[in-house]
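Visitor: Pasting the sequence and the predicted model now:
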Amino acid sequence: MLVTRRVFLGMAAILAASPAFSESAPIPVVATFSILGDFVRQVGGEAVDVAVIVGPDGDAHVYEPTPADGKKLQGAKLVFVNGLGFEGWLDRLIAASKTKARVVVASAGVKPRRLEGHPDPHAWQDVANARRYVENVRDALKNADPARAPLFDAHADAYLQKLDALDAEVTAAIEKIPKERRRVVSTHDAFGYFSARYGIEFIAPQGVSTEAEASARDVARIIDAVKKEKVAAAFLENIVDPRLARSIAADSGAKMGGALYSDALSRPDGPAPDYIAMVRHNVKELVSALAP
Ligand SMILES: [Zn+2]
């Protein structure tokens, strides 16, 4: 009996000394795609355990959920989604998983762009909108775990400052490109918000989703526009087949730029492992192709 009691006291001392045991366990959450997963990790830190559904270089427009995704949802307390029609497969997955997780729309409060009646989901490409995503993530985490509210506030404040600096950095970098050269071709129309804030015009043969393929007529129209309007460069995107952008460049005489990260981060060892690195990489590619 005495031995048992000593063992118990010893255990209690170890538990009390170890922060991993004295605090509550990380909150299990799901983020639908890698960029949003980064925002949740930035705000949640060690206090959240983030599972991402559409990972690095993945295309969330045409994603097909797996049984493993249903399991991720079942165990989650919160599900962070982009909204604005980005995750067309999500409602069915949520229903099938029977999860009780709260769904948090990270883009809530963003002023949506509309194209041909559809909302444009790529709001994160404007850093001022990314700010709104982070605030929504922060508020949802505070709601889910009020005891850790000061931690989430501190992480969010620090990250929001970095986003403000990034926004200023992007504006300054784009200003160095002569106005008449601020026009490029990409594959799908993922940079409308970026364009509206920072002033580079993107021409894309595919719409705001990758679901529908560009028709031969769309491609011919773009090639004409590139020739007529002297578009400086065509860019690949990390989530779509590079052949379309390459053939437009070849047929129009536009210079081929590098790969832009539109809807997903790169793998950890790539050039865009987190949101801030992604925006910096995209701007670097644009400036190096367009600046004189
Ligand atoms: Zn997209």
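Guide: Looks like it came in fine. Numbers count the residues shown, from 1 in each chain.

Visitor: Roughly how far does the closest residue to the ion within the stretch 101-250 of the chain sit from Phe80?
Guide: Taking CB to the ion, the ion has its nearest neighbour within the stretch 101-250 of the chain at Ala190, 4.3 Å off. The C-beta positions use only the backbone N, C-alpha and C, and glycine is treated the same way. Note on Ala190: its distance to Phe80, by CB to CB, to the nearest Å, is 20 Å.

Visitor: tell me the contacts of the residue of the stretch 101-250 of the chain closest to the ion?
Guide: With contact taken as CB atoms under 8 Å, 6 or more residues apart in numbering, Ala190 is in contact with 122, 125, 204, 208, 237, 262-263.

Visitor: how about these in TSV, adding secondary structure and neighbour count?
Guide: Listed next are the contacts of Ala190 as TSV, based on DSSP: H, G, I helix; E, B strand; the rest coil; neighbours: other CB atoms under 10 Å:
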residue	secondary structure	neighbour count
His122	coil	24
Gln125	helix	26
Ala204	coil	23
Val208	coil	23
Glu237	strand	25
Ser262	coil	27
Asp263	coil	26
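
Visitor: tell me, how many neighbours does Arg131 end up with?
Guide: 18 (other CB atoms under 10 Å).

Visitor: my bad, should have said Asp91
Guide: Asp91, neighbours per other CB under 10 Å, totals 11.

Visitor: Give me the pLDDT value at it.
Guide: If you check Asp91, the pLDDT there is 95.

Visitor: Distance check, it against the ion.
Guide: Noted for Asp91: a distance of 19 Å to the ion, by CB to the ion, to the nearest Å.

Visitor: got the contacts of Ala190 as CSV, with distance to the ion columns?
Guide: Formatted as CSV, the contacts of Ala190 follow (distance: CB to the ion, whole Å):
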residue, distance to the ion
His122, 6
Gln125, 10
Ala204, 10
Val208, 7
Glu237, 8
Ser262, 6
Asp263, 4
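
Visitor: Which of those residues sits closest to Gly85?
Guide: Val208 (8.4 Å; CB to CB).

Visitor: Can you tell me which residue sits nearest the middle of this structure?
Guide: Geometric centre of the chain, nearest residue: Ile35, 2.6 Å, by CA atoms, centre = their mean.

Visitor: Just the element for that residue, please.
Guide: Applying DSSP states H and E as the criterion places Ile35 in helix 34-44.

Visitor: What residues sit buried inside the helix or strand that comes right after that helix?
Guide: The helix or strand immediately downstream of helix 34-44 is strand 48-54, counting by DSSP H and E. Residues 48-54 are the ones in strand 48-54 that count as buried (16 or more other CB atoms under 10 Å).

Visitor: Phi and psi next, for Ser209.
Guide: phi -120, psi 160 (degrees, to the nearest 10).

Visitor: Thought His61 was touching it, still the case?
Guide: Yes: counting by CB atoms under 8 Å, His61 is a contact partner of Ser209 at 4.6 Å.

Visitor: So between the two, which is more surrounded?
Guide: Using other CB under 10 Å, the more surrounded residue of Ser209 and His61 is His61, with 23 against 20.

Visitor: any idea how far that one is from the ion?
Guide: Taken as CB to the ion, the span from His61 to the ion is 5 Å.

Visitor: Begin at 443, not 1, for the rest of this chat.
Guide: With the count now opening at 443, the last piece we talked about shows up as His503.

Visitor: Just to be sure, that residue is in a helix?
Guide: Yes: under DSSP: H, G, I helix; E, B strand; the rest coil, His503 sits within a helix.

Visitor: quick one: contacts for it?
Guide: Here His503 is in contact with 528, 530, 651-653, 705 (CB under 8 Å, 6+ apart).

Visitor: Helix, strand, or coil at Ala714?
Guide: With three-state DSSP as the basis, Ala714 sits in coil.
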